[in-house]
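Enquirer: quick one: sequence and predicted model below, then my questions.
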Amino acid sequence: MELDRGQIIDLLNERDPQVVSQLFDEAYRTKVENVGESVYLRGLIEISNICRKNCLYCGIRSDNSAVVRYQLSNDDVLGAAKFALDAGYGSIVIQGGERQDKAFVKDIKRLIKKIKRLSRKNPLGITLSLGEQPIEVYEDWFDAGAHRYLLRIETSNEELYNMIHPSGDLHSFNSRVQALLNLKYTGYQVGTGVMIGLPFQTTEHLADDLLFFRDFDIDMCGMGPYLEHSQTPMWALRNNILPPEERLTLSLKMVALLRLMMPDINIAATTAMQTLHPEGREMAIMAGANVIMPNMTIQDVRANYQIYENKLGIEDDAAISKSKLEEFLSKKSIPIGLNQWGDSLHFINR
Ligand code: SAM
Ligand code: SF4
């Protein structure tokens with residue numbers, strides 16, 4: 001559906017519950033018509049909380065000395081991948097702090113190859129979310145077998161981007177955009193996204209984010225509410241943000257509007273939504289999302305990957321997260337695309 005900036009802003013500002021509910025229903029119908037009824041699962045493996053960056057909103061930023069840093073062993077990652085494989089998830093996401101040192105880059109390459117070998121009969125799809133890297137690294141990991149990459153733009157407004165990141169070359173808006181272009185050029189299915197409800201963020205900014213996704217012609221999107229963390233500089237602005245219910249509704253509206261604008265992309269129902277409401281991810285599915293990423297990270301280290309506080313699933317193990325989800329999906333008669341990669345149809349159709 002063609003929506004202009006004014007219409008998007010109006011819908012983001014819409015307060016009439018009936019109109020908002022119609023928007024979600026229309027988005028759900030659009031999803032079913034264009035990408036089918038199924039929800040695809042990606043087992044999320046949080047490989048490391050070591051990060052060279054210092055984003056002002058993130059709990060695992062390099063300056064947070066209260067965090068116990070960890071790096072999963074290859075065996076731990078392979079164990080989680082095997083769990084996802086046996087559970088029929090079809091795909092995994094390897095996510096972590098940004099590191100560019102040679103040992104890390106090589107290790108990831110080796111790991112991708114091992115995961116491919118482990119799942120030779122029914123290969124697992126591999127999505128990476130390991131921040132900005134030189135194009136040669138993106139190419140290396142792609143050649144090793146990764147085929148999707150998630151890198152959020154965080155906000156498409158350069159001024160706001162600069163407000164939520166430290167100054168200097170390490171956190172440059174232009175490098176972020178260039179990294180997204182490099183990922184596309186390398187051949188990945190590219191996913192991006194934003195945080196919703198940031199201090200100083202307006203509905204105009206959010207409308208521009210949706211137009212950025214459309215103009216960049218993204219294949220996948222993962223966006224969710226901004227959640228405050230007491231060990232970050234942005235904690236000081238905690239009284240300048242929308243209340244949780246409004247942040248959640250705004251996030252759901254963003255999902256629904258994006259589904260109407262880009263009917264055949266993959267859109268994730270994110271964990272951050274669940275943190276604001278026990279059924280936040282399920283609500284996102286009903287507003288047009290079609291991907292869920294249950295956490296497969298081993299229990300021992302989960303509490304150390306607190307990018308925001310009260311993160312869902314910290315008490316769960318992978319099996320529990322999985323069964324809670326399945327219960328909801330079966331209650332709603334929503335099929336799970338088991339043992340399939342669930343690639344972005346937008347990418348395939350391009
Ligand atoms: N380091 C990689 C990167 O930044 O792309 C991947 C891991 S990072 C933890 C993944 C995402 O977490 C970021 O893109 C950001 O949007 C999100 N995130 C970090 N802090 C957050 C917060 N306080 N609230 C909501 N999302 C947050
Ligand atoms: Fe590091 Fe990503 Fe957190 Fe920024 S958002 S500090 S890059 S883990």
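Expert: Structure's in. What do you need? Numbering: from 1, shown residues only. Ligands and ions are numbered 1, 2, ... in the order given.
Enquirer: CA atoms for contacts and neighbours, from now on please.
Expert: Fine.
Enquirer: contact residues of the stretch 51-200 of the chain facing ligand 2?
Expert: Cys51, Lys53, Asn54, Cys55, Cys58, Ile60, Arg61, Gly97, Glu98 (CA under 6 Å from any ligand atom).
Enquirer: tell me the residues of the stretch 51-200 of the chain that contact ligand 1?
Expert: By CA under 6 Å from any ligand atom, the part of the stretch 51-200 of the chain that sits against ligand 1 consists of 57-58, 95-98, 129-131, 151-152, 154, 195.
Enquirer: CSV for those residues, including pLDDT, neighbour count and secondary structure?
Expert: Putting these into CSV (pLDDT from 0 to 100; neighbours: other CA atoms under 10 Å; DSSP: H, G, I helix; E, B strand; the rest coil) gives the following:
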residue, pLDDT, neighbour count, secondary structure
Tyr57, 98, 22, coil
Cys58, 98, 25, coil
Gln95, 97, 19, strand
Gly96, 98, 20, strand
Gly97, 98, 21, coil
Glu98, 98, 20, coil
Ser129, 98, 18, strand
Leu130, 98, 22, coil
Gly131, 98, 19, coil
Leu151, 98, 22, coil
Arg152, 98, 21, coil
Glu154, 98, 21, strand
Met195, 98, 20, strand
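Enquirer: show me where this structure has its helices.
Expert: 5-13, 17-35, 74-86, 102-118, 135-144, 158-163, 173-186, 203-216, 244-261, 271-276, 280-286, 299-302, 318-331, 345-349 (DSSP state H).
Enquirer: can you list these in JSON lines and add mean pLDDT?
Expert: JSON lines is the format used below for the helices of the chain (pLDDT from 0 to 100):
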{"stretch": "helix 5-13", "mean pLDDT": "98"}
{"stretch": "helix 17-35", "mean pLDDT": "98"}
{"stretch": "helix 74-86", "mean pLDDT": "91"}
{"stretch": "helix 102-118", "mean pLDDT": "96"}
{"stretch": "helix 135-144", "mean pLDDT": "98"}
{"stretch": "helix 158-163", "mean pLDDT": "98"}
{"stretch": "helix 173-186", "mean pLDDT": "98"}
{"stretch": "helix 203-216", "mean pLDDT": "98"}
{"stretch": "helix 244-261", "mean pLDDT": "98"}
{"stretch": "helix 271-276", "mean pLDDT": "91"}
{"stretch": "helix 280-286", "mean pLDDT": "93"}
{"stretch": "helix 299-302", "mean pLDDT": "68"}
{"stretch": "helix 318-331", "mean pLDDT": "72"}
{"stretch": "helix 345-349", "mean pLDDT": "93"}
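Enquirer: tabulate these (CSV), appending mean neighbour count.
Expert: CSV is the format used below for the helices of the chain (neighbours: other CA atoms under 10 Å):
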stretch, mean neighbour count
helix 5-13, 16
helix 17-35, 18
helix 74-86, 18
helix 102-118, 16
helix 135-144, 18
helix 158-163, 14
helix 173-186, 18
helix 203-216, 18
helix 244-261, 23
helix 271-276, 23
helix 280-286, 23
helix 299-302, 16
helix 318-331, 14
helix 345-349, 14
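Enquirer: could I get these as a markdown table with distance to Leu338?
Expert: Putting these into a markdown table (distance: least, CA to CA, whole Å) gives the following:
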| stretch | distance to Leu338 |
| --- | --- |
| helix 5-13 | 34 |
| helix 17-35 | 15 |
| helix 74-86 | 10 |
| helix 102-118 | 18 |
| helix 135-144 | 24 |
| helix 158-163 | 38 |
| helix 173-186 | 27 |
| helix 203-216 | 28 |
| helix 244-261 | 22 |
| helix 271-276 | 20 |
| helix 280-286 | 17 |
| helix 299-302 | 24 |
| helix 318-331 | 12 |
| helix 345-349 | 17 |
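Enquirer: now do the contacts for the residue nearest to Thr155 when sequence neighbours are not counted.
Expert: Of all residues not flanking Thr155 in the chain, Val194 sits nearest, at 5.2 Å (CA to CA, 6 or more residues apart in numbering). Going by CA atoms under 8 Å, 6 or more residues apart in numbering, Val194 touches Arg152, Ile153, Glu154, Thr155, Ser156, Asp209, Gly222, Met223, Gly224.
Enquirer: between these, which is nearest Met293?
Expert: Gly222 (10.2 Å; CA to CA).
Enquirer: quick one: that closest one from Ile241, how far?
Expert: 21 Å (CA to CA, to the nearest Å).
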